[in-house]
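K.L.:
Pasted the sequence and its predicted model underneath.
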Amino acid sequence: MWSSSCVQIGLLIFILLVHLLSDIYLPLMNIIRSLLFWIVSVCYMIVLFPLNLIIWLLVLPFDRKHLAVHWLLVHQSVILKELLPFWKFTVEGREKADDKTSYIIISNHQSMLDILYLNTLRYKYKWISKIENSRVPLLGWYLKMAGYIVINRGNDESKAEMFEKSLRCLERGVSIMIFPEGTRSPDSQIALFKLGAFQMALMANVPILPVVLDGTGGILPKYGWILGNSRLVSMRVLDPVYPSSFGTDKPDELAVKFHKLMTSELNSLRNEN
């Protein structure tokens, strides 16, 4: 009887120790992984910046579409993803985009990591970026060298200029990549879409290519710099929707339609995983 009680007490102490160590170990490992992530990512950008700058200067007179640096960033994103093997990454449907067709590419937005993973699709496009990003050291230069389109969301003239540049890109066969939510989701759910992407699709009469991402919000959430416990990033490219299938010429109705489509697909993605 005494030995049985000792065994029970021993098991209880062991369980308590396991919980205590896990409470200490997991946050500590997240901090270590976070430090490695930020050190590798920042050093990667700094080390490659001179190379990108030199290539940009060399091709500037000939690269009318300003795509050279974009392709460099795309391939560097693929390499960086491999240098950070903290998470499993799955992608479906990349082949659904036609290289000869320009699209309005829309994706939900959970994390800063979304840009890295979307770049691995290796599509030809220009990012639409908020003006605040252009003021970040190095990042602002990368935006300029790649010819990405910057918008001051509180300025009507800037919005008009963004539309003009975007339409010009689409005419030249270069797609536009945009987050229709306008900002990162704090809870990894898809927030209501703003109308700009859908106004643009209607004006340019081009197809919309939806992309659904999940998992990045659990790794690097909106309000934090420490990596979370999520271990899987999933990305799915949906079928492009051509203007003949829009079913409306009103941007607000189009925004609702795609919000429902992508929310449904996000739920399916989560159920499968």
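P.N.:
Cool, the structure landed.
K.L.:
And the contacts of the helix or strand encompassing residue 269?
P.N.:
Taking DSSP states H and E as the definition, residue 269 sits inside helix 251-272. The contact list for helix 251-272 (CB atoms under 8 Å, 6 or more residues apart in numbering) reads 106, 108, 180, 189-190, 192-195, 197-199, 201-202, 208, 210, 212, 214, 234, 236, 238, 241, 246-248. Where C-beta positions appear, they are placed from N, C-alpha and C, glycine not excepted.
K.L.:
again, 6 Å this time
P.N.:
Residues from elsewhere that reach helix 251-272 (CB atoms under 6 Å, 6 or more residues apart in numbering): 190, 193, 195, 198-199, 210, 212, 214, 234, 236, 246, 248.
K.L.:
Could you list the buried residues of it?
P.N.:
Using 16 or more other CB atoms under 10 Å as the test for burial, helix 251-272 gives 251, 254-255, 257-259, 261-262, 265-266, 269.
K.L.:
Please apply the same query to stretch 221-234.
P.N.:
221, 227-228, 230, 233-234.
K.L.:
what's the spacing between residue 152 and residue 252?
P.N.:
Remark: distance between residue 152 and residue 252 (CB to CB, to the nearest Å) = 23 Å.
K.L.:
before we move on, what about residue 236?
P.N.:
25 Å.
K.L.:
and residue 235, how many neighbours does it have?
P.N.:
Residues within reach of residue 235, counting by other CB atoms under 10 Å, total 23.
K.L.:
Next: residue 112.
P.N.:
By the measure other CB under 10 Å, the count of residues near residue 112 is 15.
K.L.:
what does residue 53 give?
P.N.:
14.
K.L.:
which non-adjacent residue is nearest it?
P.N.:
residue 145 (7.0 Å; CB to CB, 6 or more residues apart in numbering).
K.L.:
What is the burial count for that neighbour?
P.N.:
By other CB under 10 Å, neighbour count at residue 145 equals 21.
K.L.:
Surely it and residue 69 touch.
P.N.:
Yes - counting by CB atoms under 6 Å, residue 69 is a contact partner of residue 145 at 4.3 Å.
K.L.:
what residues do the two have in common as contacts?
P.N.:
In contact with both residue 145 and residue 69: residue 56, using CB under 6 Å, 6+ apart.
K.L.:
Who are the contact partners of the residue lying closest to residue 211 once chain neighbours are set aside?
P.N.:
Setting aside the residues directly before and after it, residue 211 is nearest to residue 107 in space (CB to CB, 6+ apart), at 4.2 Å. Residues near residue 107 by CB under 6 Å, 6+ apart: 118, 211, 213.
K.L.:
roughly how far apart are residue 107 and residue 236?
P.N.:
10 Å.
K.L.:
repeat for residue 56
P.N.:
Taking CB to CB, one finds residue 56 at 33 Å from residue 236.
K.L.:
Strands of the stretch 101-250 of the chain, residue ranges please.
P.N.:
104-107, 125-130, 149-151, 175-178, 208-214, 232-237 (DSSP state E, counting those that start in this stretch).
K.L.:
What is the neighbour count of residue 57?
P.N.:
By other CB under 10 Å, 10 other residues sit near residue 57.
K.L.:
In terms of helices and strands, where is it?
P.N.:
Assessed by DSSP H and E, residue 57 sits inside helix 2-59.
K.L.:
which stretches of the chain have low pLDDT?
P.N.:
For the chain, the stretches with pLDDT under 70 are 1-28, 85.
K.L.:
centroid residue for it?
P.N.:
Taking CA atoms, centre = their mean as the criterion, residue 114 is the residue nearest the geometric centre of the chain, at 1.9 Å.
K.L.:
That residue reaches residue 215, doesn't it?
P.N.:
No - if you go by CB under 6 Å, residue 114 and residue 215 don't touch, sitting 10.1 Å apart.
K.L.:
Now do stretch 221-235: distance to the chain's middle.
P.N.:
Centroid separation between stretch 221-235 and its chain, computed with CA atoms, centre = their mean, to the nearest Å, is 12 Å.
K.L.:
hmm, I was thinking of stretch 43-63
P.N.:
Taking CA atoms, centre = their mean, one finds the center of stretch 43-63 at 23 Å from the center of the full chain.
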